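1. this one's structure only:
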């Protein structure tokens with residue numbers, strides 16, 4: 001379900017009762033939705049009558065399946081309103097395909113209780129992503145350097161890496177962070193290629209620590 005559906009599942013007469021009835025008959029019910037601060041209370045109630053509820057970021061559309069049948073809105077529905085037309089099918093191949101889609105999404109989701117706890121405690125969700133888009137990775141790196149307040153650890157694999165990040169303004173942001181009291185440490189090969197940058201760091205932010213990636217000896221630059 002998209003993020004607007006939990007409210008409907010809770011408020012529409014008969015939906016909650018039918019799910020409770022299914023549970024009482026031994027039917028296992030599962031739901032995937034996007035949980036946010038606006039629908040959190042509805043999701044907490046949804047957990048009370050659906051066996052398993054999970055969160056997945058970015059769910060846009062809704063569909064519903066059981067062992068033999070599937071339902072889906074016939075057209076893009078108005079957010080927060082019931083669909084005016086529904087597509088129904090009991091075609092085995094289609095039901096199996098929708099089941100596969102659901103299971104794929106289910107395996108990528110997290111349990112609702114974890115997401116609700118993150119929202120209530122104001123905790124940033126933990127993520128791990130391999131970024132292959134150069135523009136996106138550049139933007140993230142610059143934003144990361146801008147946001148340094150207390151501590152920063154940078155690993156640069158080559159002397160030319162320092163030159164590239166310097167051109168992006170990252171070194172200047174790290175110098176500024178160090179001047180404002182942040183602890184900044186960097187591992188990078190020190191060569192003639194980046195010696196001018198190292199000198200600039202030494203003059204403007206002597207508290208930045210740089211470990212020579214070649215010799216593994218520290219220099220207080």
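-> Great, that's in hand. None of the values given here were measured: they were computed from a predicted structure.
2. Which pLDDT value belongs to residue 79?
-> We have a pLDDT of 61 for residue 79.
3. And residue 84, by the same measure?
-> Among the per-residue scores, residue 84 holds a pLDDT of 75.
4. And stretch 168-181, what's buried?
-> Within stretch 168-181, the residues scored as buried using 16 or more other C-beta atoms under 10 Å are 170, 171, 173, 174, 175, 177, 178. For every residue, glycine as well, the C-beta is placed using N, CA and C.
5. Not including adjacent chain positions, what is the nearest residue to residue 6?
-> residue 42 (4.0 Å; C-beta to C-beta, 6 or more residues apart in numbering).
6. my read: residue 23 touches residue 29, true?
-> Yes - with contact defined as C-beta atoms under 8 Å, residue 23 reaches residue 29; the gap is 6.2 Å.
7. Need the residues touching each of those two.
-> 50, 51 (C-beta atoms under 8 Å, 6 or more residues apart in numbering).
8. Can you give me the distance of the residue of the chain most remote from its centre to residue 29?
-> What lies farthest from the middle of the chain is residue 192; by C-alpha atoms, centre = their mean that is 40.2 Å. Per C-beta to C-beta, to the nearest Å, residue 192 is found 67 Å from residue 29.
9. Could you give the number of residues near residue 108?
-> 11 (other C-beta atoms under 10 Å).
10. quick one: it and residue 55 touch, right?
-> No - applying C-beta under 8 Å, one finds residue 108 not in contact with residue 55, separated by 10.3 Å.
11. Residue 64 reaches residue 72, doesn't it?
-> Yes - contact criterion C-beta under 8 Å: residue 64 and residue 72 qualify, at 7.3 Å.
12. which of the residues in the helix ranked longest in the chain are buried?
-> For the chain, the helix with the greatest residue count under DSSP state H is helix 92-108. Applying a neighbour-count criterion of 16+ other C-beta under 10 Å, one finds 95, 98, 102 buried in helix 92-108.
13. Ok, stretch 56-75 next?
-> Buried residues in stretch 56-75, counting neighbours by 16+ other C-beta under 10 Å, are found at 56, 59, 62, 64, 65, 70, 71, 72, 73.
14. hey, where'd the strands end up in the protein?
-> Under the criterion DSSP state E, strands of the chain are mapped to 30-33, 52-55, 64-65, 70-73, 86-89, 110-111, 151-155, 183-188, 209-212, 218-219.
15. Any chance of those in TSV with distance to residue 120 as columns?
-> Output for the strands of the chain, formatted as TSV (distance: least, C-beta to C-beta, whole Å):
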stretch	distance to residue 120
strand 30-33	17
strand 52-55	13
strand 64-65	28
strand 70-73	31
strand 86-89	34
strand 110-111	15
strand 151-155	27
strand 183-188	31
strand 209-212	38
strand 218-219	43
